[in-house]
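Student: pasting the structure only:
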């Protein structure tokens, strides 16, 4: 059977909506706009949309967390090592083109080397979509060695720039 669950309050239709067909959750919407595998849509027509994470503490090390976690196992709660090059998490920004949301830019976390016990080498990849293109392109990465590459996917130095750039009043 397929059931929908709603919580509504004074002036707050669809304050919380759980779609029975796939378990997608809508906050502020009865039609969660989620991509395959996503389960939460927070929608609003107010000035700001989104979520807030807060911690009130005087103890060092207590902070708000937003974590991306990935196991190489398809069973929830089971751990299997991930592989070099695997995507671990993705933050994406999308805008409407008038008919659908399209990718504008993203930051992605990836495995950057061979993981082992208590060892998870990682890199961050920053991408933007060029004007006139439907596809985001990698622009910068920070690898597991701390090297930063702009215009190169395999930087060999603390800062490596491929192509021309502007520095202190002169073009290089």
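Tutor: Nice, thanks for sending it over. Source: prediction; values computed, not measured.
Student: would you list every one of the strands in the chain?
Tutor: Along the chain, counting by DSSP state E, strands occupy 5-9, 12-18, 25-27, 40-42, 87-96, 101-111, 122-128, 137-142, 148-150, 159-161, 166-167, 170-171.
Student: Reformat those strands as CSV; add mean pLDDT, distance to residue 34 and mean neighbour count.
Tutor: For every residue, glycine as well, the C-beta is placed using N, CA and C. Formatted as CSV, these follow (pLDDT from 0 to 100; distance: least, C-beta to C-beta, whole Å; neighbours: other C-beta atoms under 10 Å):
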stretch, mean pLDDT, distance to residue 34, mean neighbour count
strand 5-9, 71, 16, 11
strand 12-18, 73, 12, 15
strand 25-27, 80, 9, 19
strand 40-42, 81, 5, 14
strand 87-96, 94, 12, 13
strand 101-111, 96, 11, 16
strand 122-128, 98, 21, 18
strand 137-142, 97, 25, 16
strand 148-150, 97, 33, 18
strand 159-161, 95, 38, 13
strand 166-167, 78, 41, 8
strand 170-171, 62, 45, 6
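Student: For the chain, which residue occupies the most central location?
Tutor: The chain has residue 91 as the residue nearest its centroid, 2.0 Å off, counting by C-alpha atoms, centre = their mean.
Student: Could you check how far the nearest residue to that one once chain neighbours are set aside is from residue 35?
Tutor: Spatial nearest neighbour of residue 91, chain neighbours left out: residue 107 (4.7 Å); criterion: C-beta to C-beta, 6 or more residues apart in numbering. Distance, residue 107 to residue 35, using C-beta to C-beta, to the nearest Å: 17 Å.
Student: ok so, going back, got a list of what the residue nearest to the centre of the chain touches?
Tutor: 106, 107, 108 (C-beta atoms under 8 Å, 6 or more residues apart in numbering).
Student: how close does the first one get to residue 66?
Tutor: This means residue 106. 16 Å.
Student: What of the second one?
Tutor: In this view, residue 107 and residue 66 are 13 Å apart by C-beta to C-beta.
Student: Could you do residue 96 as well?
Tutor: Distance from residue 96 to residue 66, counting by C-beta to C-beta: 25 Å.
Student: ditto for residue 32
Tutor: Separation of residue 32 from residue 66 (C-beta to C-beta): 20 Å.
Student: Which one's more surrounded, the two?
Tutor: Taking other C-beta atoms under 10 Å, residue 32 and residue 66 do not tie; residue 32 has more neighbours (22 against 8).
Student: mind listing what that one touches?
Tutor: Contacts of residue 32 (C-beta under 8 Å, 6+ apart): 17, 19, 24, 25, 26, 39, 40, 41.
Student: On the pLDDT front, check it for me.
Tutor: Residue 32 carries a pLDDT value of 81.
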